[in-house]
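Colleague: Fold the following and give me the result.
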Amino acid sequence: MKLFINNITKSYGNNLALSNFTAEFQPGIYALLGPNGSGKTTLMNIITDNLKADSGEILYDDGSGNGENVLKMGVRFREKLGFIPQYPGLYPNFTVERFMWYMAALKGLKKEDAKTQIAEILRAVELDDVLRRKIGALSGGMKQRLALAQAVLGDPQILILDEPTAGLDPKQRIAIRNYISKIAFNKIVIFATHVVSDIEYIARDIIMLKKGVIVDNAPPGELIKKIEGKVWHVPCDESEVSQLQSKLRVISISRDPEKGDVILRILSDEKPTERAYNVSPSLEDYYLYVFDDIAIAASYS
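Modeller: Sure thing, here's the model as predicted:
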């Protein structure tokens, strides 16, 4: 099973949202990583046929070796999809259980299959204790987990997940990541996010998007290697912090609990100060290196 996306381009007026996006997907988790406005949601809406591309094509190969245009496949392709849109449309007056049965009917599941799957999925996303609660009374995190539950219902071959962990607390994010990893072995999972920790340890490949253009596409380990020797810790006094922030790319600020020094984590191609020393880079470091989107910790302890 493969999904081929060939030269997809999409504009909104004078705004180019995607430019000749090309990628190949096989079973496994692929991360679309980029800041808001990078084109992630546009791509997902095109794959799911909720939006028309200006040019390009998407082909699906079921293993026969012959790719078929998904637009020509129509319903046959959509039956293979599970989708969480950026803003899931849930029915506030439905209970959790009724909503899942409704989605099962739309997907054409047999009654016994639906009964088994609904119970298993709601237990996996920790919603089995709110079966009869109305969706309108759920928290934001619960609604997001319900959106994931309906997406995986029916065992789709392709999962398109747009910010699936939005609104979840740290424990829930880990649980959902683990669940997605568990079911992804025989599925193509395309996971869009701007939160690096969501995908750092589960993605086989990371596609980094910037203003609609692919700026990198590789496994996480290969991306991290690209900035070896470019991440530094710089010890300094509190009085030096503002000056160093003004001229260096500061990722974070912490304090050495033993020496009492302030430690700046710096991105730099060259050694930034005499006291600086190299440290191991992370995927978040690479993200900030590529997008130059430095989130500076304003306080330290």
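Colleague: mind listing the strands for this structure?
Modeller: 2-12, 15-25, 28-33, 55-61, 68-69, 81-84, 158-162, 188-193, 205-210, 213-218, 231-236, 249-255, 262-267, 277-278 (DSSP state E).
Colleague: List the residues that contact M1.
Modeller: Applying Cβ atoms under 8 Å, 6 or more residues apart in numbering, we find M1 in contact with Q26, P27, D61, D62, G63, Q157, I188. Every C-beta, even on glycine, is put in place using the N, C-alpha and C of the backbone.
Colleague: returning to what we had before: now the strands of the chain as JSON lines including mean neighbour count and mean pLDDT?
Modeller: Output for the strands of the chain, formatted as JSON lines (neighbours: other Cβ atoms under 10 Å; pLDDT from 0 to 100):
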{"stretch": "strand 2-12", "mean neighbour count": "17", "mean pLDDT": "97"}
{"stretch": "strand 15-25", "mean neighbour count": "17", "mean pLDDT": "96"}
{"stretch": "strand 28-33", "mean neighbour count": "24", "mean pLDDT": "96"}
{"stretch": "strand 55-61", "mean neighbour count": "17", "mean pLDDT": "97"}
{"stretch": "strand 68-69", "mean neighbour count": "14", "mean pLDDT": "94"}
{"stretch": "strand 81-84", "mean neighbour count": "21", "mean pLDDT": "95"}
{"stretch": "strand 158-162", "mean neighbour count": "23", "mean pLDDT": "96"}
{"stretch": "strand 188-193", "mean neighbour count": "24", "mean pLDDT": "95"}
{"stretch": "strand 205-210", "mean neighbour count": "22", "mean pLDDT": "96"}
{"stretch": "strand 213-218", "mean neighbour count": "15", "mean pLDDT": "96"}
{"stretch": "strand 231-236", "mean neighbour count": "20", "mean pLDDT": "95"}
{"stretch": "strand 249-255", "mean neighbour count": "17", "mean pLDDT": "92"}
{"stretch": "strand 262-267", "mean neighbour count": "21", "mean pLDDT": "95"}
{"stretch": "strand 277-278", "mean neighbour count": "11", "mean pLDDT": "96"}
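Colleague: Sketch out the low-pLDDT regions of the stretch 51-200 of the chain for me.
Modeller: Along the stretch 51-200 of the chain, no part satisfies pLDDT under 70.
Colleague: Distance from stretch 215-232 to the middle of the chain?
Modeller: Per Cα atoms, centre = their mean, to the nearest Å, the displacement of stretch 215-232 from the mean C-alpha position of its chain is 18 Å.
Colleague: gap between the two ends of that stretch?
Modeller: One end of stretch 215-232 sits 24 Å from the other (Cα to Cα, to the nearest Å).
Colleague: contacting residues around it?
Modeller: 23, 199-201, 203-209, 251, 265-269, 271-272, 276-283, 285-286, 289-290.
Colleague: Just to be sure, which of the contacts of M1 are found in helices?
Modeller: Among the contacts of M1, no member is found in helices (DSSP state H).
Colleague: Counting neighbours, which of these comes out on top?
Modeller: I188 (22 neighbours; other Cβ atoms under 10 Å).
Colleague: Who are the contact partners of it?
Modeller: M1, L3, F25, Q26, P27, G28, Y30, Q157, I158, L159.
Colleague: Quickly list what it is bridged to.
Modeller: Counting by DSSP bridges, I188 is bridged to G28, I158.
Colleague: Now do it against S280, distance only.
Modeller: 31 Å (Cβ to Cβ, to the nearest Å).
Colleague: With I8 instead?
Modeller: For I8, the distance to S280 equals 36 Å [Cβ to Cβ].
Colleague: How about L223?
Modeller: According to Cβ to Cβ, L223 stands 14 Å off from S280.
Colleague: Then G63?
Modeller: 40 Å.
Colleague: E238 now?
Modeller: 26 Å.
Colleague: So which of these two has more stuff around it?
Modeller: Between E238 and S280, counted using other Cβ under 10 Å, E238 has the larger neighbour count: 11 against 8.
Colleague: Contacts only, for that one.
Modeller: E238 makes contacts with V262, as judged by Cβ under 8 Å, 6+ apart.
Colleague: which residues does the closest residue to N45 other than its chain neighbours contact?
Modeller: Closest residue to N45 apart from its sequence neighbours, by Cβ to Cβ, 6 or more residues apart in numbering: L51 at 3.8 Å. Contacts here follow Cβ under 8 Å, 6+ apart; on that basis L51 touches K10, T42, N45.
Colleague: now swap in M142 and tell me
Modeller: Counted by Cβ under 8 Å, 6+ apart, M142 has contacts L127, V130.
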